[in-house]
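*Asks:* 3D, please:
(one chain, ligands or ions: 1)
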Amino acid sequence: MANKKGITRRALLSGTAISIVPASSIAQSIGDESPSWMKTPGSSFNEYGFPSSQEKNTKREIFQPYEEYAPGSGVAMTPLEKLEGIITPNGLHFERSHNGVPNIDARQHELLIHGLVKNPLVFKMEDLLKYPMETKTYFIECGGNSFYNSNAFPIAIDRTCGSIHGLMSTSEWTGIPLKNILREAGVNKEALWLLAEGADSAAMSRSIPLEKALDDTLIALYQNGERIRPEQGYPMRLVVPGWEGNISIKWLRRIKLTKKPTYTKDETSKYSDLLANGKTLQFTFPMEVKSVITQPTAGPIPLKKGPIHITGLAWSGLGKIKKVEVSTDKGKTWKTADIDGANQPLSPVRFRFNWIWNGEECSIESRATDSKNNIQPQRKEWSIKYGLGHLYHNNSIQIWRITPDGKVFNEYDDLAQNEKWSEE
Ligand code: CO
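*Replies:* All right, here's what the predicted structure looks like:
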């Protein structure tokens with residue numbers, strides 16, 4: 001299928017494109033010029049493996065807005081542009097902490113179930129590990145993900161995909177359905193909400209409707225097959241699938257059944273949504289349908305004209321992904337992308353779209369539709385609903401502008417809006 005000039009268009013579009021390997025490098029692979037690592041024994045075994053030292057730039061980007069007096073408050077963002085598939089390696093799962101990662105002794109740690117229950121219960125880890133468990137693949141997205149493209153940043157700034165959208169990660173979570181523990185405690189009829197509290201020094205706490213707790217909420221003990229990492233909530237966390245990540249309380253220590261929401265500091269001072277009309281929405285839980293192209297995106301290596309494999313992630317906190325479309329002409333026309341593998345509710349899909357770039361200035365963008373027919377909005381459509389500085393629940397379309405020299409930039413769709421904000 002390939003010719004000496006490179007990849008044929010037909011080969012690319014049929015997915016069978018191969019690259020040309022110069023004959024000189026084939027000789028090196030099989031002949032006397034074997035590489036040094038074929039001439040000496042390899043290194044010995046590791047008790048716990050690490051990535052190749054050459055991949056040390058595949059790392060989270062850390063943002064500590066109060067570095068001097070609260071270094072544990074901030075985020076570490078998943079480098080989405082460096083990853084493939086849908087699962088995030090445990091060491092690269094995003095982190096959001098309000099006062100650092102507690103150093104919890106799992107043997108002393110307890111989970112208390114109390115409030116409007118017939119039998120208040122206290123669990124040690126050894127008790128919980130005996131319960132029947134289930135495994136599910138769910139994304140967790142911080143309510144403040146994509147804040148660099150929110151109303152807090154009226155001008156599009158030049159950042160990588162992960163450093164804009166990397167407060168979304170996906171794991172295979174294993175744990176105990178919360179409904180089984182609540183059933184054992186015996187929830188009283190008047191209980192409609194619960195308070196979940198973490199054992200960190202911010203005592204992170206949120207109110208959760210009982211209905212969600214009895215549906216698909218997990219007390220997760222394992223992440224991608226191993227015990228949850230300290231920064232992800234060791235020894236246990238809630239996973240409240242599809243809902244803003246802050247509710248998936250890490251370092252879980254207490255669940256209290258209540259009649260009404262508790263109105264904790266973490267759901268009044270934060271995680272509420274200022275509208276353009278001056279009103280504020282509270283308890284906006286699901287993360288709405290969203291997608292982002294993870295490659296190609298802004299980065300140090302310029303694109304070359306010719307075949308480009310566009311890929312990215314799409315997800316919805318309201319169900320499955322129905323379709324992902326890609327536009328390469330500033331949103332004038334849209335084409336359906338291919339989706340990899342199984343499509344599970346509240347789990348991202350990986351999408352792919354083969355494209356040939358003609359070397360001219362253009363932009364690429366993706367748009368997801370979920371199983372409830374929600375369509376990902378344009379940024380200007382999203383932005384105008386909310387007040388100045390609002391940053392939560394930003395599910396708007398990411399545009400990557402490509403200049404003729406192959407550089408890729410973050411771009412907003414409404415330049416007039418940019419100017420309006422900057423005058424205020
Ligand atoms: Co919300």
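
*Asks:* Near Gly312, how many other residues are there?
*Replies:* Look at Gly312: counted by other C-beta atoms under 10 Å, it has 28 neighbours. In this view, the C-beta of every residue, glycine as well, is placed from N, C-alpha and C.

*Asks:* got it, and Pro307?
*Replies:* Pro307 - counted by other C-beta under 10 Å - has 18 other residues nearby.

*Asks:* swap in Glu172?
*Replies:* Neighbours of Glu172 under the rule other C-beta under 10 Å: 16.

*Asks:* and the stretch 151-300 of the chain, which of its residues are near the ion?
*Replies:* Glu244, Thr284 (C-beta under 5 Å from the ion).

*Asks:* which residues does the residue of the stretch 151-300 of the chain found nearest the ion contact?
*Replies:* Using C-beta to the ion, the closest approach of the stretch 151-300 of the chain to the ion is made by Thr284 at 3.5 Å. Residues counted as contacts of Thr284 (C-beta atoms under 8 Å, 6 or more residues apart in numbering) are Glu244, Ser272, Asp273, Tyr392, His393.

*Asks:* what's the distance between the second one and Thr284?
*Replies:* Ser272 sits 8 Å away from Thr284 when distances are taken as C-beta to C-beta, to the nearest Å.

*Asks:* list residues touching both of those two?
*Replies:* Both Ser272 and Thr284 are contacted by Tyr392, under the criterion C-beta under 8 Å, 6+ apart.

*Asks:* quick one: the strands in the stretch 301-424 of the chain?
*Replies:* With DSSP state E, counting those that start in this stretch, the ranges of strands along the stretch 301-424 of the chain come out as 306-315, 321-327, 335-336, 338-339, 349-357, 362-370, 399-402, 408-411.

*Asks:* Per-residue pLDDT of the residue nearest the centre of the chain, please?
*Replies:* The structure's the chain has its C-alpha centroid closest to Met168; by C-alpha atoms, centre = their mean the separation is 1.2 Å. With respect to pLDDT, Met168 scores 98.

*Asks:* Next: Ser14.
*Replies:* Reported pLDDT for Ser14: 52.

*Asks:* now do Ala2
*Replies:* 38.

*Asks:* In contact with Glu172, which residues?
*Replies:* Contact partners of Glu172, counting by C-beta under 8 Å, 6+ apart, are Ile87, Thr135, Lys136, Thr137, Gln223, Asn224, Gly225.

*Asks:* Mind putting those residues into CSV with pLDDT?
*Replies:* Listed next are the contacts of Glu172 as CSV, based on pLDDT from 0 to 100:
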residue, pLDDT
Ile87, 98
Thr135, 98
Lys136, 98
Thr137, 98
Gln223, 98
Asn224, 98
Gly225, 98
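
*Asks:* Among the residues you listed, which one has the most neighbours?
*Replies:* Comparing the contacts of Glu172 by number of neighbours (other C-beta under 10 Å), Gln223 comes first, having 23 neighbours.

*Asks:* if I read this right, it contacts Trp173, doesn't it?
*Replies:* Yes. Between Gln223 and Trp173 there is a contact at 6.1 Å, judged by C-beta atoms under 8 Å.

*Asks:* now Lys305, nearest residue through space, not along the chain?
*Replies:* Gly359 (3.4 Å; C-beta to C-beta, 6 or more residues apart in numbering).

*Asks:* An error on my part: the question was meant for Tyr131.
*Replies:* Closest to Tyr131 by C-beta to C-beta, 6+ apart is Ile176, at 4.6 Å.

*Asks:* same deal with Lys59?
*Replies:* Lys59's closest residue in space is Pro79 (C-beta to C-beta, 6+ apart), at 6.4 Å.

*Asks:* gap between that neighbour and Met168?
*Replies:* 12 Å.

*Asks:* Glu184 now?
*Replies:* For Glu184, the distance to Met168 - C-beta to C-beta - is 33 Å.

*Asks:* tally of neighbours for His34?
*Replies:* Careful, residue 34 is Ser; it's not His. 11.

*Asks:* still on that earlier bit, is it true that the residue nearest to Lys305 touches Asp405?
*Replies:* No. Gly359 is not in contact with Asp405 according to C-beta under 8 Å; the separation is 9.5 Å.

*Asks:* Give me the spatial nearest neighbour of Asn374, chain neighbours excluded.
*Replies:* Per C-beta to C-beta, 6+ apart, closest to Asn374 is Val289, 4.5 Å.

*Asks:* Which residues are in contact with the one you found?
*Replies:* So, once contact is read as C-beta under 8 Å, 6+ apart, Val289 ends up touching Ala314, Trp315, Ser316, Leu318, Ile321, Ala368, Thr369, Asp370, Asn374, Ile375, Gln376, Asn395.

*Asks:* Give me the distance between the nearest residue to the second one once chain neighbours are set aside and Gly299.
*Replies:* Going back to what we said before, that points to Trp315. Among residues not flanking Trp315 along the chain, Pro348 sits closest, at 3.9 Å (C-beta to C-beta, 6+ apart). Distance of Pro348 to Gly299, given as C-beta to C-beta: 21 Å.

*Asks:* More neighbours: those two, which one.
*Replies:* Legend: neighbour count by other C-beta under 10 Å for Pro348 and Gly299, higher for Pro348 (27 against 14).

*Asks:* Distance check, the more buried one against the ion.
*Replies:* 19 Å (C-beta to the ion, to the nearest Å).

*Asks:* what's the answer for Leu116, then?
*Replies:* 25 Å.

*Asks:* That residue against Glu190, yeah?
*Replies:* Yes. Proximity of Leu116 to Glu190 meets the contact threshold set by C-beta under 8 Å, at 6.0 Å.

*Asks:* which one of the contacts of Glu172 is nearest Glu110?
*Replies:* Gln223 (20.9 Å; C-beta to C-beta).

*Asks:* Find the nearest non-adjacent residue to the closest one, please.
*Replies:* Here the residue nearest Gln223, using C-beta to C-beta, 6+ apart, is Ser171, at 4.8 Å.

*Asks:* and what of Tyr148?
*Replies:* That would be Ile164: by C-beta to C-beta, 6+ apart, it lies 4.7 Å from Tyr148.

*Asks:* Beyond the host helix or strand of the one you found, next helix or strand please.
*Replies:* Per DSSP states H and E: Ile164 is located in helix 161-165. Counting by DSSP H and E, the next helix or strand C-terminal to helix 161-165 is strand 168-177.

*Asks:* Compute the inter-axis angle for that following strand and strand 306-315.
*Replies:* For strand 168-177 against strand 306-315, the angle by axes from the mean of the first three to the mean of the last three C-alpha atoms, to 10 degrees is 30 degrees.
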